[in-house]
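In: Fold the stuff below for me.
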Amino acid sequence: MTSSPAAAQRLRDLARLRRVRDRIDREYAQPLDVEALARGVHMSGGHLSREFRRAYGESPYSYLMTRRIERAMALLRRGELSVTEVCFAVGCSSLGTFSTRFTELVGVPPSTFRNQPVRVTAGMPACVAKQVTRPIRNRERATEPRPT
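Out: Reported below is the predicted structural model:
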């Protein structure tokens with residue numbers, strides 16, 4: 001069975017996209033931008049953005065911010081750091097942008113989230129708790145039921 005050159009290129013692109021996603025997962029707290037991510041896998045920024053969205057349903061920037069907000073949620077739950085300290089710890093350089101994005105994805109401002117009592121995830125396996133508490137974008141919020 002022979003595969004077409006287009007199919008072979010698509011597989012190579014998917015492998016590069018996985019490397020980008022893995023890099024974002026590892027280095028979420030570092031200053032990352034689409035151009036730097038694209039250079040790392042020898043793609044243009046525009047091509048990376050289009051292909052990443054096609055493969056994962058969101059832009060590389062949106063994926064990065066979701067990772068940062070997930071980590072911020074974990075840090076805020078611990079209660080050891082202030083909202084400002086959490087903002088910088090997860091790689092955000094603007095408290096305003098962090099708070100806006102956090103509120104958009106989680107539904108409440110970070111200060112409110114930090115002060116909420118322990119969630120229903122107490123005693124839940126970490127892998128299940130992570131899925132239940134994953135931030136959901138507003139456009140997804142209208143179509144997906146959110147466990148409480």
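In: What are the structural domain limits within the protein?
Out: Listed domain ranges for the chain are 5-57, 65-141 (source: automatic domain parsing).
In: Redo the ones you listed as a markdown table? Include mean pLDDT and mean neighbour count.
Out: All C-beta atoms are positioned from the backbone trio N, CA, C, and that covers glycine. Formatted as a markdown table, these follow (pLDDT from 0 to 100; neighbours: other CB atoms under 10 Å):
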| stretch | mean pLDDT | mean neighbour count |
| --- | --- | --- |
| domain 5-57 | 93 | 15 |
| domain 65-141 | 83 | 15 |
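In: From residue 95, how far off is the residue lying closest to residue 111 once chain neighbours are set aside?
Out: Of all residues not flanking residue 111 in the chain, residue 83 sits nearest, at 5.4 Å (CB to CB, 6 or more residues apart in numbering). Noted for residue 83: a distance of 7 Å to residue 95, by CB to CB, to the nearest Å.
In: Checking residue 92 next. Helix, strand or coil?
Out: Of the three states, residue 92 takes coil under DSSP: H, G, I helix; E, B strand; the rest coil.
In: didn't it look like it was pressed against residue 100?
Out: No. The pair residue 92 / residue 100 is not scored as a contact, 10.4 Å apart, by CB atoms under 8 Å.
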